[in-house]
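In: coords below, sequence missing:
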């Protein structure tokens, strides 16, 4: 590919995302297994937190976000395991494209996957815990979106860097969870604020703004460090 | 692209303190020195204070010892390898 | 740089030797009594931990963007120190809290965020130990992200209700308490610098050993 015909940033992102979606669509392995895992997660926590048929206060918010965090970790691991098996990540890095675009392409793929999981799991949690998660759909949706973006942004970078490391399966959660704890806190507290009998909108908006800030900072950091960190 | 990233990064670092200072400051709870404290209040606290300081000292000394022992081991290894290199031995 | 080591060591040792006297002579706090005196080591330990975290993060950034090996040694040393000083803070805090608040642990923002920061650096050490070759850059990224997390973590103190004394308490200390506190803080900062230098030296020696092994095989 001659330098003049180097694909644009957006084109590269789309190429990478499209590649991931096509591969996933053929077998649908990761989306089905992640979805099932998320549902199983919710069930296990349900048995833990429901007493005499009534869930503990704020349990719904916590369970939703924990299920997202756990299944997100799984999805990240599986997505990059696929890259490792065929050493395609190195091939991608050798391509004459913007490296940060590769990161964004993988991130969009992971986000679409998690969005598919959340579309199923959120109504499920609302149902099982009799929680009015859809009373304020826009705010709830924004909380989910920004929280998932924050989690996936850090996770995609770490998972990409761990591709060639030893013990990568257990190291991903060890590295990811401490860094994304602010995301989980903000997500859970924001969701819990919305689940109150009198939904506390200002608090929910405050947590939302913290999530937005977190996303901006960490996506910027990830874009900045992706190329130097992935190359020798 | 890099310039855009650098600019956004710089903006964030400037905006962060502004953001953090948005919350109205509440009156500070200070420590108030007392001229004397009744005797019986001191006793239950003493073991806690002693343990706290003991733990700090133990950690400091323990870590110092750990560095020292690892350092002597590494220096011994260094001397060993240098000697073997000097005498031209091969493994 | 190495010329400063011995004077710094002497000054730090002197500060630590004097500290018990300064702390004993400091007045009792009116509501908390004797147990508040843990403060003189507890807060400086956290100060040292945050200092170590910053050094690790900055060194990590240098490793990523400038690829310097000596920065990696500093990062590793600082991460270990962050874990050690953090452990001091995490043990002395609950000991104080047990008497002052009645419970060993409170899930308020300051405690939680300090624990989270400590975990980031434990994760750093686990990564270096078990991640195999090439973990230098990933651990540097982790340190950088950990450092970037500090404002988020500190900010939540102002957002959550908390029983923890607010940050501003340090500014309003009376001199009778302020001076021992300052002495102890300086002692801990000095201790951090001394331990950092020693630990970096260990890494440097290990690096030389590795290089010599490599040339031995040639």
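Out: Everything's here; your move. Computed from a prediction, not measured in an experiment: that's the story for all the values here. Residues are numbered from 1 along each chain as shown, chains lettered A, B, ... in the order given.

In: Which elements pack onto whatever helix or strand residue C:125 lives in?
Out: Applying DSSP states H and E as the criterion places residue C:125 in helix C:109-130. Under the contact criterion of 3 or more C-beta pairs under 8 Å, 6 or more residues apart in numbering or on different chains; DSSP states H and E, helix C:109-130 touches helix A:168-195, helix C:39-66, helix C:69-100, helix C:135-159. Heads up, the C-betas are built off the backbone N, CA and C, glycines and all.

In: Can you name the next helix or strand after the shortest one?
Out: Using DSSP H and E, the helix or strand that follows helix C:135-159 towards the C-terminus is helix C:175-216.

In: Once you drop chain neighbours, what's closest to the residue positioned nearest the centre of chain A?
Out: When C-alpha atoms, centre = their mean is applied to chain A, the residue found nearest the centroid is residue A:152 (3.6 Å). Of all residues not flanking residue A:152 in the chain, residue A:110 sits nearest, at 4.8 Å (C-beta to C-beta, 6 or more residues apart in numbering or on different chains).

In: how many neighbours does that neighbour have?
Out: By the criterion of other C-beta atoms under 10 Å in any protein chain shown, residue A:110 has 26 neighbours.

In: what helix or strand does it sit in?
Out: For residue A:110, the element it lies in under DSSP H and E is helix A:99-128.

In: That helix versus helix A:168-195: what angle between them?
Out: 50 degrees (axes from the mean of the first three to the mean of the last three C-alpha atoms, to 10 degrees).

In: I'd like the average pLDDT over helix A:99-128.
Out: Computed over helix A:99-128, the mean pLDDT rounds to 92.

In: which parts of it are buried?
Out: A:99-111, A:113-114, A:117-118, A:121-122, A:124-126, A:128 (16 or more other C-beta atoms under 10 Å in any protein chain shown).

In: cool, and stretch C:189-204?
Out: Neighbour counts using 16+ other C-beta under 10 Å place C:189-203 of stretch C:189-204 among the buried residues.

In: Report the entries of these that also contact chain B.
Out: The subset of the buried residues of stretch C:189-204 within reach of chain B, by C-beta under 8 Å from any C-beta of the partner chain, is C:191, C:195, C:198-199, C:201-202.

In: Looking at these, which is nearest residue A:43?
Out: residue C:199 (47.2 Å; C-beta to C-beta).

In: what helices or strands is the helix or strand harbouring residue A:156 leaning on?
Out: Here residue A:156 is covered by helix A:137-162, with elements defined by DSSP H and E. The contact analysis (3+ C-beta pairs under 8 Å, 6+ apart) places helix A:137-162 against helix A:59-85, helix A:99-128, helix A:168-195, helix A:201-230, helix C:135-159.

In: I'd like the average pLDDT over it.
Out: Here the average pLDDT along helix A:137-162 is 94.

In: What number of neighbouring residues does the residue of chain C found nearest chain A come out with?
Out: Relative to chain A, the nearest point of chain C is residue C:132 (3.4 Å; C-beta to the nearest C-beta). Residue C:132: 14 surrounding residues under other C-beta under 10 Å.

In: element containing it?
Out: With DSSP H and E as the test, residue C:132 turns up in no helix or strand.

In: which residues does residue A:133 contact?
Out: Residue A:133 makes contacts with A:60, A:64, A:122-123, A:125-126, A:140, A:191, A:194-195, as judged by C-beta atoms under 8 Å, 6 or more residues apart in numbering or on different chains.
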